[in-house]
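> pasting the sequence and the predicted model now:
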Amino acid sequence: MGALIRLILGVPGAIIVTGLLFLFMAAMIKGPTRLNDEADSVNISITAKIDDTDLNSANKEFKRPTLDAPPPPPPAVNDPSNRPALDGVRAAIPTIDANLSIGSGFNPDRDAQPLVRIPPQFPDRCQNRAGAKETVVLQFDVTPEGQTTNITVVDSSNSCFNRSASRSVERWKYQPKIVDNAAQWRRGVVTQITFVLEE
């Protein structure tokens with residue numbers, strides 16, 4: 001109800017105010033205009049005046065900064081009794097009682113470790129007759145180029161895995177054995193490959 005009353009009173013009021021403003025603007029346009037043509041022009045100067053400096057007086061006023069004196073050298077010690085002892089600390093070497101098992105596959109020649117070792121694939125045909133863990137021991141030679149050759153099976157827990165182990169070792173790459181700056185054959189390298197049946 002209140003919105004209807006505001007609409008009824010607001011629309012005629014807005015028409016009246018708009019009409020009065022229109023008449024006022026029309027009267028201003030038709031009325032005489034007075035322009036002041038003789039108004040003073042505004043002069044704005046942006047450049048600032050630069051004073052010349054006298055170079056002779058500027059040089060007379062310049063003073064060089066004074067530098068701090070270097071620190072004095074440390075005092076020299078001439079007393080021979082004031083020298084550190086160079087004996088060091090003497091202690092007994094402890095003994096370690098431990099049974100270390102390096103294992104049968106230990107090879108002191110670090111170059112006999114393969115640079116590229118391709119893991120063997122578990123053969124599908126051996127899955128039914130394989131135990132939980134099968135091992136194949138192989139012996140082979142390494143050429144001066146680092147390739148494996150003359151691969152033979154020395155021992156095997158299941159002969160079904162011999163072919164897969166041999167194919168894996170064929171793709172291994174070794175660092176060649178260097179003797180007197182020349183690559184040599186490495187004969188009789190033995191390795192063991194273990195196949196584990198995953199559940």
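Alright, I've got the coordinates.

> give me the below-cutoff pLDDT ranges for the chain.
For the chain, the stretches with pLDDT under 70 are 33-43, 48-62, 79-112, 198-199.

> quick check: longest helix of it.
Secondary structure of the chain per DSSP state H: the longest helix is helix 2-30.

> identify each buried residue in it, please.
When neighbours are counted by 16 or more other Cβ atoms under 10 Å, no buried residue of helix 2-30 is found. For every residue, glycine as well, the C-beta is placed using N, CA and C.

> what does stretch 137-151 give?
137-140, 142-143, 146, 148, 151.

> which stretches in the chain count as helices?
2-30, 55-61, 162-170.

> could you dump these into CSV with distance to residue 45 added?
Below are those laid out as CSV (distance: least, Cβ to Cβ, whole Å):
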stretch, distance to residue 45
helix 2-30, 38
helix 55-61, 28
helix 162-170, 94
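
> residue 70: which of those is closest?
Of all the helices of the chain, helix 55-61 sits nearest to residue 70, with 29.0 Å by Cβ to Cβ.

> related to what we said a few turns ago, out of the buried residues of stretch 137-151, which comes closest to residue 22?
Distance to residue 22 across the buried residues of stretch 137-151 (Cβ to Cβ) is lowest for residue 146, with 102.6 Å.

> pretty sure that closest one is touching residue 173, no?
Yes: between residue 146 and residue 173 there is a contact under Cβ atoms under 8 Å: 5.3 Å.

> okay, and the common contacts of these two?
Common neighbours of residue 146 and residue 173, counting by Cβ atoms under 8 Å, 6 or more residues apart in numbering, are residue 115.

> picking up where we left off before, which among the helices of the chain is found nearest to residue 76?
helix 55-61 (45.5 Å).

> sorry, back to before: of all the helices of the chain, which one is nearest residue 195?
That would be helix 162-170 among the helices of the chain, by Cβ to Cβ, at 7.8 Å.

> tell me what that closest one is packed against?
strand 133-142, strand 148-156, strand 186-196 (3 or more Cβ pairs under 8 Å, 6 or more residues apart in numbering; DSSP states H and E).

> sorry, back to before: now render the buried residues of stretch 137-151 as TSV, adding distance to residue 17.
Output for the buried residues of stretch 137-151, formatted as TSV (distance: Cβ to Cβ, whole Å):
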residue	distance to residue 17
137	110
138	108
139	112
140	109
142	107
143	108
146	102
148	105
151	108
